[in-house]
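A structural model of the following input is requested.
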Amino acid sequence: MTIDEALREAAARLVASPTARLDAEVLLAHVCAANRTWLYTWGDRELTAAQRERFQALTARRVEGVPVAYLVGSREFWGLSLETSPATLIPRPDTECLVEVALEAASTPAGELLDLGTGTGAIALAFASERREWQVTGVDLSADAVTLARRNGQRLAIANARFLQSDWFSALSGHRFDLILSNPPYIAEDDPHLLLDDVRFEPRSALVAEGAGMSDLAWLVERAPDYLRPAGWLWVEHGHRQAGPVRQALRDRGFRGVASRRDLAGHERVSGGQWG
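Just a heads-up that it's a prediction; the model follows:
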């Protein structure tokens, strides 16, 4: 079986995926330890028996709905190749919006940023890669997530980011930051999106929050000022229908300059404000 034949067969099996051909290419490139351009160049090359068997096994798991990022063990975010695992959420392009607003808010040459619920370390590492004079701290309740984030930081040689195990602010008593970011759980328990293929394989604890998805967002808005320096910023990611309630919570808590930003699809995806 040639590379072109294998891709056509896999794409036909993955017809339920809106990105069937792309899924097949990413999986086969992973099996061949190459990039997708290499596949285009060598489409008439025959796969070895071992490559064919492994590719078919990965395709079968993708047909079951397992995310491609878990199957290949990596996902690109902000131009960084990040190792992924079922212990963490898969970094998504919409979350890059949170990095963008953080970079705009980082008006000083140096400072300190906190990323709450860091997962793979995507947000913390993206910011740290752009602001090398800033000290970045990422925390997560999951020990496996912290280990993964540390491994990503070490592999990418991003020395100004550290990762700690912490239940939100619990390990940070007495410390204050210039910027606090978070992509917390914000999906309601009965949200049908939880049944989608990729999402149903991700850790539910990182997705679902009580109070129609608002409980963690409201808690962060209430507690963040205790860990912000004067004129520090808090920015959080939320669902596309939660921007209004989050902005109101920020104003009620005393934040100023409250605003929301839209993601790639045009939805209000992150909201924040300045303290003090």
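
Could I get the full set of helices for the stretch 51-200 of the chain?
Along the stretch 51-200 of the chain, counting by DSSP state H, counting those that start in this stretch, helices occupy 68-72, 96-105, 122-130, 143-155, 197-200.

Pick the most buried one from those helices.
Greatest average neighbour count among the helices of the stretch 51-200 of the chain goes to helix 122-130 (a mean of 25), per mean count of other Cβ atoms under 10 Å. Quick note: C-beta positions are derived from backbone N, CA and C, even for glycine.

And the contacts of it?
The contact list for helix 122-130 (Cβ atoms under 8 Å, 6 or more residues apart in numbering) reads 77-78, 80, 82, 91, 95-96, 98-99, 102-103, 106, 113, 115, 118, 134, 136-138, 149, 152-153, 156, 158, 160-161, 163, 181, 183.

Any stretches of this protein with poor pLDDT?
Applying pLDDT under 70 to the chain picks out residues 197.

Would you map out the domains in it?
Domain ranges of the chain: 3-64, 88-274, per automatic domain parsing.

Columns distance to residue 70 on top of these, output as a markdown table?
Listed next are the domains of the chain as a markdown table, based on distance: least, Cβ to Cβ, whole Å:
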| stretch | distance to residue 70 |
| --- | --- |
| domain 3-64 | 9 |
| domain 88-274 | 7 |
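
hey, which of those is tucked in deepest?
With a mean of 19, the top stretch among the domains of the chain by mean neighbour count (mean count of other Cβ under 10 Å) is domain 88-274.

That domain: end-to-end distance?
29 Å (Cα to Cα, to the nearest Å).

same check, this time on stretch 207-219
16 Å.

could you measure the closest residue to residue 63 other than its chain neighbours against residue 44, distance?
Using Cβ to Cβ, 6 or more residues apart in numbering and skipping residues adjacent in sequence, the residue nearest residue 63 is residue 13, 5.8 Å away. With distances taken as Cβ to Cβ, to the nearest Å, residue 13 is found 21 Å from residue 44.
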